[in-house]
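test case, fold it:
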Amino acid sequence: MTRVRTVLAMRARPGCEERFEAEWRAAAEEIRTLDGCLHQDLVRDADDPRSYLIISDWADRDRLDAFGRSAHRDRLLRIIRELRESAHRNTYQVLHSVSGEPQEQSR
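Residues are numbered from 1 along each chain as shown. From the prediction side, this is the model:
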């Protein structure tokens, strides 16, 4: 099976940014324990503090889809849905990954 990455673009409602971030962190702490969840990131647009990307890596599409259909997901993300104006998700197959070179320590 092929590892998959989801990219969920969300725009928080005005004034809800801090709560949106806190609720995402709480949900992510539970989601990270699920079978197949490999990694999650919440990133904010440097030029638009209401725009976020939620990026998550899953071991395979089957486990991601099982989470996506679960009551567990609905419960965890209910509050986040109330704090957002919009959302759009894409799912990608991860074909290749390249890590950066370790930086030498300056003396």
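
can you pull out the helices in this structure?
For the chain, helices defined by DSSP state H occupy the ranges 17-31, 61-68, 71-82.

please tell me how far Asp74 sits from Glu18.
Here the criterion is CB to CB, to the nearest Å. By it, Asp74 lies 23 Å from Glu18. Bear in mind the C-beta positions are built from the backbone N, C-alpha and C, glycine included.

so which of the helices of the chain is nearest Asp48?
Ranking the helices of the chain by proximity to Asp48 (CB to CB) places helix 17-31 first, at 10.5 Å.

least trustworthy helix or strand in the chain by mean pLDDT?
The helix or strand of the chain with the poorest confidence is helix 71-82; it has a mean of 84 (mean pLDDT, DSSP states H and E).

pLDDT below threshold where in the chain?
By pLDDT under 70, the low-scoring segments of the chain are 105-107.

wait, what's in contact with Ile31?
Cys37, Gln40, Ser56, Phe67, Leu76 (CB atoms under 8 Å, 6 or more residues apart in numbering).

residue nearest the middle of this protein, spatially speaking?
Ile54 (3.0 Å; CA atoms, centre = their mean).

all set now, cheers.
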